[in-house]
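Undergrad: build the 3D model from these lines:
(one chain, ligands or ions: 2)
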Amino acid sequence: MKDDVSVIIPAYNEAAVITATLNSLNSLPHIKEIVVVDDGSNDGTAEKAKAAGAQVIVQPFNKGKGAALTRGLQESLGEYICFLDADLGESAACAAKLYQPIKVGNADIAIAAFPPAKSKGGFGVVTNLARFGLRSFTGKEFQSPLSGQRAMSRGAAERLAPFADGFGVEVSFTIDAYRAGFRVIEIPVEMFHRETGRDWRGFYHRGRQCCHVARVFLEKARDRGRGFD
Ligand SMILES: O=c1ccn([C@@H]2O[C@H](COP(=O)(O)OP(=O)(O)O[C@H]3O[C@H](CO)[C@@H](O)[C@H](O)[C@H]3O)[C@@H](O)[C@H]2O)c(=O)[nH]1
Ligand SMILES: O=C(O)[C@H](O)COP(=O)(O)O
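TA: Ligands and ions are numbered 1, 2, ... in the order given. As a prediction, this is how the structure comes out:
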């Protein structure tokens, strides 16, 4: 099989972990390029990503995750696309389990289902909101409704782009994928990411996520009401 997978990694102030994430991708087969989209970081993320051998694109200012993924897709060349977060560290090495089934045609979109979190981060509010909304729009129960680790063909990605703003990107993408008739599967993988804690930073982060996810559901419900579904 050809080296035709573009890995796209949005990264905002991820200097502490980006090197480990990129190093763990080096041994994987079929990767054509790794595109890190530095979303206006001020901690040297871009320099670390370059030093680890990635192609780095720098957003002029912090535009949010959805915009970073749209930019990464525009700048990438591979026939297959794999979105990964910057904070996976060594567990990024599981990414092949996501793109292999797409390359052999077993599904159109593969989403990583994570094991239960190791530490208690949030209270599950955003995850449950996302799960509930996706169930009502797609009829399907998602184990990891917010998971940004996703593989697909370039054709599928381009059909679903440009992506929703900020942290609304995953739920919007999943609903649009169902509406477009793509075969979406969740694949259990041993991936782990940084858990946000129960400090003010964690509550601020989850508050923003909650607003972004809720906004997507309201917009999609409005579309449905207007018969665009
Ligand atoms: O303004 C931003 C904020 C974050 N990121 C990147 O987006 C990814 C996910 O952000 P993170 O802060 O790790 O969010 P989490 O809450 O830990 O992530 C969960 O929830 C997000 C959606 O709310 C999903 O995008 C993630 O895949 C999922 O793991 C990381 O690579 C970030 O560097 C950006 O590119 N721009
Ligand atoms: O880490 C996450 O997946 C998000 O911050 C969601 O947090 P919550 O579902 O615990 O509110």
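Undergrad: from here on, contacts and neighbour counts on C-alpha atoms
TA: Noted.
Undergrad: residues from the chain in reach of ligand 1?
TA: Residues of the chain lying close to ligand 1 by CA under 6 Å from any ligand atom are 10-12, 14, 39, 62, 64-65, 68, 85-87, 146-148, 167, 194-195, 209.
Undergrad: again, only this time at 5 Å
TA: Counting by CA under 5 Å from any ligand atom, the chain comes close to ligand 1 at 10, 11, 12, 64, 65, 85, 86, 147, 148, 167, 209.
Undergrad: where does pLDDT dip in this structure?
TA: 228-229 (pLDDT under 70).
Undergrad: longest helix of the chain?
TA: Ranked by residue count and defined by DSSP state H, the top helix of the chain is helix 200-225.
Undergrad: against residue 99, how distant is residue 184?
TA: 13 Å (CA to CA, to the nearest Å).
Undergrad: need the residues touching each of these two.
TA: residue 110 (CA atoms under 8 Å, 6 or more residues apart in numbering).
Undergrad: out of those two, which sits in the busier spot?
TA: Ranked by neighbour count (other CA atoms under 10 Å), residue 184 and residue 99 place residue 99 first, with 28 against 16.
Undergrad: residues in contact with the helix or strand containing the more buried one?
TA: Secondary structure assigned from DSSP states H and E places residue 99 in helix 96-103. With contact meaning CA under 8 Å, 6+ apart, helix 96-103 is reached by 5, 28-29, 80-82, 107-112, 150-153, 187, 189.
Undergrad: run a quick neighbour tally on residue 27.
TA: Residues lying near residue 27 (other CA under 10 Å) number 10.
Undergrad: is it in a helix, a strand, or coil?
TA: coil (DSSP: H, G, I helix; E, B strand; the rest coil).
Undergrad: now it, nearest residue through space, not along the chain?
TA: Counting by CA to CA, 6 or more residues apart in numbering, residue 27 lies nearest to residue 93, which is 7.8 Å off, once chain neighbours are set aside.
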